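coords below, sequence missing:
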Ligand SMILES: Cc1cc2nc3c(=O)[nH]c(=O)nc-3n(C[C@H](O)[C@H](O)[C@H](O)COP(=O)(O)OP(=O)(O)OC[C@H]3O[C@@H](n4cnc5c(N)ncnc54)[C@H](O)[C@@H]3O)c2cc1C
């Protein structure tokens, strides 16, 4: 037993934290809601109307309004980022929280051999300025160069090749990460601050094991190749640095940029020539309309953008008719939904007869660690869920192009950890019960993800009410060749070897994978066991993309062209994660911000 994990903080108090944070968040939001009064009412028309102030929307609004000659309106359904969002340690409490999150869930994942079967999965999406970049885990990863070359192939537009998008990554970065001294590969002086991992008990053991297992420890953002690395985060002085902090906060007083919060856009209006003329929105309960003189730019994210296009009559006509929306433009909106499905490998119990350094939220929350955070931007408060190492490897089907993604978490098991994980995923009491026998033990977990999944899901409208949550069916593991599952099994084996068959972790720390009760019938460390474990707790790592995919005209999957213009319309673009035709083998915030930068340049081509 590790005494740090059976903290002196009474558990009743600790497990009450999510509720307290929820109540506090509600209070803050009430104040923020009341404060949303425009000193000047919005104008009747703007050159550009941007819908959604998330990762991409903040970039687009900021870059377009750099030109004082153009007027820009940004409409965001939520409010300002919650003050809690700046504290990385509080990240898990921002999800599934009505003040910061849309609280979407999927259709029930139904398969008889899935323990979480017939249960919808929680699908968090950030609500408010900064969007999901204000609620995410801040991991900074560009993706593999081949991921972007794949987009260039699909669109037949070299703008999306890595050779071209690299300059946009450099433009957005103010890089002070782990590899700062490693040449000029990263951008400096861009708006988005990137810092190295600051709190990671047990990191050296993992890095030693990685090398023993034959992998390199290398910068995964430098022409991504197989390997592992301590994670770089979008933080500034240890605080979250979201798209809001990076792009909008510094320009809030710009005169040609109007931001309206608590403004939910309900419809895009198209004239008889399919030109976008403006949008309807509901601001603090009151309906309104605003005209767009040049363009409407939809940045509502993978769910929000698809939903808004569908509500506006852009999508599969059969579906639109079935929910009472008049079809105007036939496009596969909402289809081609790709996401990084995950399994949580663990708990991996470390050293049975003594303790090793691991992070533990109750023990980490001390006055002195808070001070360290407030004054130095350092210490446990900079850490979200004990995240410390990321990795990418190639399965046997994808040599030379990594298609598996790993995140290693140092997380000792305290009473309340299982409930915190269940809160994030909406997985009932599954994790709480799984971890209960191990309370007080040092542990790691690995989030293992199919980084280049073949399975595709869809988003549809439930009805024609813009405030109804859409139907989300991710259809994980539905690919015809069963490739996603086979890749995940290989990834599982990689992690078990890393922990159990290396000196640094297996021998010195006695790392052992704990068995999942649901898979008791399978021998541990067999493919049968891995398959059972993977299917037992299917979850997301929150990277849905592709519902407004870009492609060349005539491509049956394409919703926007390579300039991100909605096909068959005028004056209407989508710029956000939904346009990725294939997900990158990486977290999706960095590529989405890059899409915002490149997309803004595409619009600027028409400035003169
Ligand atoms: C819990 C979580 C953890 C994640 N962790 C990471 C991570 O560690 N690293 C990483 O790189 N990526 C991570 N991601 C993914 C990444 O944050 C997203 O891919 C990225 O933020 C998507 O950006 P976006 O602009 O497409 O959408 P969003 O950032 O979600 O922005 C969409 C915005 O539009 C607004 N909106 C939607 N509909 C409307 C409407 N009708 N009217 C007005 N406004 C509207 C929303 O409120 C929101 O502000 C995570 C995501 C989540 C949810």
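Great, that's in hand. The structure presented is a predicted model; accordingly, all values stated were derived computationally and were not measured. Residues are numbered from 1 along each chain as shown.

tell me the contacts of whichever residue of the chain sits closest to the ligand?
Closest to the ligand within the chain is residue 54: 1.7 Å, counting by CB to the nearest ligand atom. Every residue, glycine included, has its C-beta placed from N, CA and C. Contact analysis of residue 54 by CB atoms under 8 Å, 6 or more residues apart in numbering lists 126, 130-133, 243, 299-301, 576.

same question, residue 476
By CB under 8 Å, 6+ apart, the neighbours of residue 476 are 109, 339, 341, 453, 455, 457, 484, 538.

can you classify the nearest residue to residue 515 once chain neighbours are set aside as helix, strand or coil?
In space, and not counting its chain neighbours, residue 515 is closest to residue 524: 5.5 Å by CB to CB, 6 or more residues apart in numbering. Here residue 524 is coil, with the state taken from DSSP: H, G, I helix; E, B strand; the rest coil.

residues near residue 524, how many?
16 (other CB atoms under 10 Å).

tally of neighbours for residue 605?
Residue 605: 8 neighbours (other CB under 10 Å).

so how far is residue 598 from it?
Distance of residue 605 to residue 598, computed by CB to CB, to the nearest Å: 11 Å.

the ligand contacts on the stretch 451-600 of the chain?
542-543, 576-577, 587-590, 592 (CB under 6 Å from any ligand atom).

just the helices in the stretch 151-300 of the chain please.
Secondary structure of the stretch 151-300 of the chain (DSSP state H, counting those that start in this stretch): helices located at 162-172, 203-212, 243.

so how far is residue 354 from residue 512?
15 Å.

more neighbours: which of those two?
residue 512 (18 against 10).

most packed of the helices of the stretch 151-300 of the chain?
Burial of the helices of the stretch 151-300 of the chain is given as mean neighbour count (mean count of other CB atoms under 10 Å); helix 243 ranks first at a mean of 32.

elements contacting that one?
helix 55-64, helix 589-604 (3 or more CB pairs under 8 Å, 6 or more residues apart in numbering; DSSP states H and E).

how about a cut-off of 7 Å?
helix 55-64 (3 or more CB pairs under 7 Å, 6 or more residues apart in numbering; DSSP states H and E).

so which residues make contact with the helix or strand following the helix it packs on?
Downstream of helix 55-64, the first helix or strand assigned by DSSP states H and E is strand 72-75. Strand 72-75 is touched from outside by 42, 46-51, 53, 57, 61, 64-65, 256-260, 263, 265, 281, 290, with contacts defined as CB atoms under 7 Å, 6 or more residues apart in numbering.

select only the buried ones of those in ChimeraX?
Only the buried entries of these go into this ChimeraX selection, using 16 or more other CB atoms under 10 Å:
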select :42,46,47,48,49,50,51,53,57,61,64,65,256,257,258,259,260,263,265,281,290
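
and the strands in the stretch 501-608 of the chain, which stretches?
For the stretch 501-608 of the chain, the strands defined by DSSP state E, counting those that start in this stretch cover 512-513, 539-540, 572-574.

one step back: with pLDDT and neighbour count added, can I get the residues of the stretch 451-600 of the chain next to the ligand in CSV?
Below are these laid out as CSV (pLDDT from 0 to 100; neighbours: other CB atoms under 10 Å):
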residue, pLDDT, neighbour count
542, 97, 22
543, 98, 27
576, 98, 33
577, 98, 31
587, 98, 27
588, 98, 27
589, 98, 27
590, 98, 25
592, 98, 30
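
mind putting the helices of the stretch 151-300 of the chain in JSON lines, mean pLDDT included?
Shown next, in JSON lines, are the helices of the stretch 151-300 of the chain (pLDDT from 0 to 100):
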{"stretch": "helix 162-172", "mean pLDDT": "98"}
{"stretch": "helix 203-212", "mean pLDDT": "97"}
{"stretch": "helix 243", "mean pLDDT": "98"}
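
which one, of the ones you listed, ends up nearest to residue 507?
In terms of CB to CB, the element of the helices of the stretch 151-300 of the chain nearest to residue 507 is helix 203-212, at 10.0 Å.

avg pLDDT for stretch 545-562?
Mean per-residue pLDDT for stretch 545-562: 97.

span of it from start to end?
Stretch 545-562 has its terminal residues 16 Å apart, counting by CA to CA, to the nearest Å.

in that stretch, which residues are buried?
So stretch 545-562, judged by 16+ other CB under 10 Å, has buried residues 545-551, 555, 558-562.

about what we covered before: redo the contacts of residue 476 as CSV? Include neighbour count.
Converted to CSV, the contacts of residue 476 look like this (neighbours: other CB atoms under 10 Å):
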residue, neighbour count
109, 21
339, 28
341, 26
453, 26
455, 20
457, 23
484, 21
538, 23
